[in-house]
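with the sequence up front, the predicted model follows.
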Amino acid sequence: MLTSASPAMIDTLIRKLSSAGGLTEADRETVRQLNLRTQQVPARQDLTCEGDRPENVHLVLSGFACRYKVLPRGRRSIAALMVPGDFCDLHVAILDEMDHSIATLTPCTVVEIPRSTIRDLTKNHPHITHALWWATLVDEAVLREWLVGIAGREAPERTAHLFCELLLRLQTVGLAEGDGYAMPFTQNDLADMLGLTPVHVNRVLREMRLDNLIVLKRRYLRIPDVARLCAFCDFNANYLHRTPRSK
């Protein structure tokens, strides 16, 4: 069932795009006036499958989605995590077919934006186009950092790095409360994001709890000392590009 996106959900998108800098009030009003129809998608459902011919752009307004591939032996590898305000596939309509799949990890509110709408925004609204380019470049930067993590960080540091990243990404869209945020992922989900086994993830989380690096209760993660956790994994937030370029 399709419903109109609520003002709060639209504000999540505007807050995300405003991170790029340069949006005028007229640009924000343009986004508010988009006829965005939302749908509620259950957890663990594909939005787009590898091999599909993409027609629309997906935007996550609530919940978490992921970009993934299935390895030859059936193991899932998650290559990106989408939080509220993120586009899943901003430029995939250019492609002839999908080379990966996109799925929900939790129940999500999702918008399908027609290619024609994206074309209109990029043709007639240069500040919005700049923000969309910025969002794509940040997605690429996050992917590079994940690749570096899998190649060069030990499991505890890799896990801590993901937790630090999520804190900042969720703060950007107003979904982190100081030093904590909802952590609805299973250990299998975390394993597929981190390139670990679920057993290894369980052991790492237990060690991080014992060291008081994290408090994880009832699917809510709290970081008692954010600076200490960042130092533990040598976290540098530069790849998230939170400060817009002034000129």
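Thanks, I have the structure now.

tell me, what residue is most central in this protein?
By Cα atoms, centre = their mean, the mean C-alpha position of the chain lies nearest to residue 82, the distance being 2.3 Å.

how close does the nearest residue to it once chain neighbours are set aside sit to residue 176?
The shortest distance from residue 82 to any non-neighbouring residue, by Cβ to Cβ, 6 or more residues apart in numbering, is to residue 65 (4.3 Å). Every residue, glycine included, has its C-beta placed from N, CA and C. Applying Cβ to Cβ, to the nearest Å, the value for residue 65 to residue 176 is 18 Å.

likewise residue 82?
Taken as Cβ to Cβ, the span from residue 82 to residue 176 is 16 Å.

the residue nearest to the centre of the chain and residue 88 touch, don't they?
Yes - the pair residue 82 / residue 88 is scored as a contact, 5.4 Å apart, by Cβ atoms under 8 Å.

overlap in contacts of these two?
Counting by Cβ atoms under 8 Å, 6 or more residues apart in numbering, the contacts common to residue 82 and residue 88 are 60, 65, 67, 102.

most neighbours among these, please name it.
residue 65 (27 neighbours; other Cβ atoms under 10 Å).

report pLDDT for that one.
For residue 65, the pLDDT comes out at 97.

give me every residue that touches residue 191.
Applying Cβ under 8 Å, 6+ apart, the residues contacting residue 191 are 197, 198, 200, 201.

go again using 7 Å as the cut-off
By Cβ atoms under 7 Å, 6 or more residues apart in numbering, the residues touching residue 191 are 197, 198, 201.

ranking by neighbours, what's the top pick from those?
Highest neighbour count within the contacts of residue 191: residue 201, with 22 neighbours (other Cβ under 10 Å).
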